[in-house]
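Peer 1: Give me a 3D structure for the following:
(4 chains)
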Protein chains: 2
Amino acid sequence: MNEEAGDVGEERPLRADAARNREKILAAASRVFAERGLDATLDDIAEAADVGVATVYRRFPDKDALVLALFEDAIDELAALAARAEASENSWEGFVSFLEVMLERQCDNRGLRDVFTGSPYAQERMEAAKERIGPAFSALIARAQADGYLRSDVNVADILAIEMMISSLGGAKGGDAALWRRYLAIALDGLVVRRETTRDLPPSPPLEVIIAALHASKGVHRPHAKSHAG
Amino acid sequence: MNEEAGDVGEERPLRADAARNREKILAAASRVFAERGLDATLDDIAEAADVGVATVYRRFPDKDALVLALFEDAIDELAALAARAEASENSWEGFVSFLEVMLERQCDNRGLRDVFTGSPYAQERMEAAKERIGPAFSALIARAQADGYLRSDVNVADILAIEMMISSLGGAKGGDAALWRRYLAIALDGLVVRRETTRDLPPSPPLEVIIAALHASKGVHRPHAKSHAG
DNA sequence: CAGGATCCGGAGGACATCACTCCACTTGAC
DNA sequence: GTCAAGTGGAGTGATGTCCTCCGGATCCTG
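Peer 2: Down below sits the predicted model:
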């Protein structure tokens, strides 16, 4: 996938077991970052990969390199998808479908969301990657506005904000469908220019699901236990 | 305000300087928690109050007590405001005005927002306090739905989710008005049953403001610097 | 299969954070 | 003036995280 991250290149092929471990690490990191976000420890990832920490560090010089290897391509792919949505026949559908893509991926992957909220890992390269999405995103918005679908008093920043707000609920489910579909539907009803009826909503969540999602949306800070508690 | 927290009661009046310090601590804690959220250290608060840490701990047995003293009343006040909104003549206006109250307070006060997302400080009492808002909140929603203003396919959990999503942007400003007013307006356009035009939006924010707000919305995790960096 | 380069695990070093305490000293109240 | 009440801030201990060290296991070559 991404040769340059964490290795010298094609200098010397890895020993068989080392190559196997490298894949195990990438797979585990992908799982763990997706579930727990970029705050997950490399120790956690090593454990999930069934490998020692040192092995992780031998393959990837530091956490940044691992994050980069996993997410830079993912972001570039989003940029490509934005460009493809731009080519959509109907500008509103193109706009909506891209929002759906973003939400789907960010809600399935807390690590990806962390990248977008500006995590400190591999910051520079990630900022640069994110900026590669911008132009197509702006174009999608502009076209949907020019065609009279999307209200004209919102801008890129607004749509980005709305997308991030919705994704902050994470991958919680309401019934079968992901929860974000429900709130995207409501947001779209608020963003569309003309609207006769209300859009149908995906299944509603019980209150507990929302509460759990809200609790989970911020980092799971486990404060220190009292040392001298009675 | 709240006698029971952190003191034996009316047993023995505090010495003049001690009473003065207690107020300084409460004021500082209010400021610091509002700005930095409940993760702020008691050391931070002591510094802001221009007082030693020990002084804080002498007045409040632990962090929970301080949080409780500051926020339990605030939440009960929100419950009272919800009840008052219930008495509003127009059910839609009552519903909207309560959302505005919640958003205004939560956006001005990151600590209050932390309480609602379920921070671990004084957890039990806070959960109980929050539940005291529930009934009036449900009633507001039910009435706005019965009167044909609020779409009937949403429930309390949805409104709570939307309110929390919007407040996650914090107290950022777009022009003069707080940013949350803009996204509340859009959400309301998506939540109202019938809608001919779009609601006017408060001033829009530049992209940087949104990005900064997104960065700030999660805890400001400053990861450890590398120790052996070249 | 021998020998050496490569790779491994996991203990632990270095550092940071945070709730909370200890105690020599100061201050207010009578 | 006396002394209980109060104070500051260095210090403690628990926890968390990134990353390294090194004795030993593993793979590849001849």
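
Peer 1: where exactly do the helices run in chain A?
Peer 2: A:16-36, A:42-49, A:53-59, A:63-86, A:91-108, A:110-116, A:123-131, A:134-146, A:156-167, A:179-191, A:207-217 (DSSP state H).

Peer 1: Could you say which one of those helices comes nearest to chain B?
Peer 2: helix A:179-191 (3.0 Å; CB to the nearest CB). In short, each C-beta sits where N, CA and C put it, glycine included.

Peer 1: and the angle for the closest one with helix A:156-167?
Peer 2: 150 degrees (axes from the mean of the first three to the mean of the last three CA atoms, to 10 degrees).

Peer 1: Tell me who's in contact with the closest residue to A:Ala172 other than its chain neighbours.
Peer 2: Once flanking residues are discounted, A:Ala172 sits nearest to A:Ala213: 4.1 Å by CB to CB, 6 or more residues apart in numbering or on different chains. For A:Ala213, the contact set (CB atoms under 8 Å, 6 or more residues apart in numbering or on different chains) comprises A:169-170, A:172, A:179, B:161.

Peer 1: go again using 7 Å as the cut-off
Peer 2: Contacts for A:Ala213 (CB atoms under 7 Å, 6 or more residues apart in numbering or on different chains) come out as A:169-170, A:172, A:179.

Peer 1: domains of chain A?
Peer 2: For chain A, automatic domain parsing gives the domain ranges A:16-64, A:71-217.

Peer 1: At the contact with chain B, which residues of chain A appear?
Peer 2: With CB under 7 Å from any CB of the partner chain as the criterion, chain A comes near chain B at residues A:39, A:117-118, A:120, A:151, A:153, A:155-158, A:160-162, A:164-166, A:168-169, A:183, A:186-187, A:189-191, A:193, A:195, A:198, A:201, A:204-207, A:210, A:214-215, A:217-219, A:221, A:223.

Peer 1: which ones among those residues come in contact with DNA strand D?
Peer 2: Counting by CB under 7 Å from any atom of the strand, A:Asp39 from these sit close to DNA strand D.

Peer 1: Could I have the buried ones of the residues of chain A next to chain B as PyMOL selection syntax?
Peer 2: To isolate the buried members of the residues of chain A next to chain B in PyMOL, using 16 or more other CB atoms under 10 Å in any protein chain shown:
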select buried, chain A and resi 39+117+118+120+151+153+155+156+157+158+160+161+162+164+165+166+168+169+183+186+187+189+190+191+193+195+198+201+204+205+210+214+217+218
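
Peer 1: Please give me every residue in contact with A:Trp92.
Peer 2: A:144, A:147, A:149.

Peer 1: check contacts around the first one.
Peer 2: For A:Ala144, the residues meeting the contact criterion (CB under 7 Å, 6+ apart) are A:91-92, A:95, A:150.

Peer 1: again with A:Leu188
Peer 2: A:Leu188 sits in contact with A:96, A:199, where contact means CB under 7 Å, 6+ apart.

Peer 1: can we see that at 10 Å?
Peer 2: A:Leu188 sits next to A:92, A:95-96, A:99, A:149-150, A:162, A:195, A:199, B:190 when contact means CB atoms under 10 Å, 6 or more residues apart in numbering or on different chains.

Peer 1: mind showing which ranges of chain A have poor pLDDT?
Peer 2: Residue ranges of chain A with pLDDT under 70: A:1-11, A:219-230.

Peer 1: isn't A:Leu66 right up against A:Ala49?
Peer 2: No - using CB atoms under 10 Å, A:Leu66 is not in contact with A:Ala49; the gap is 11.1 Å.

Peer 1: With neighbour numbers in mind, choose between these two.
Peer 2: A:Leu66 (26 against 22; other CB atoms under 10 Å in any protein chain shown).

Peer 1: which among the contacts of A:Leu188 are in contact with DNA strand C?
Peer 2: Counting by CB under 7 Å from any atom of the strand, no member of these is near DNA strand C.

Peer 1: ok, so of these, who is nearest A:Ile133?
Peer 2: Lowest distance from A:Ile133 to those (CB to CB) belongs to A:Leu99, with 12.4 Å.
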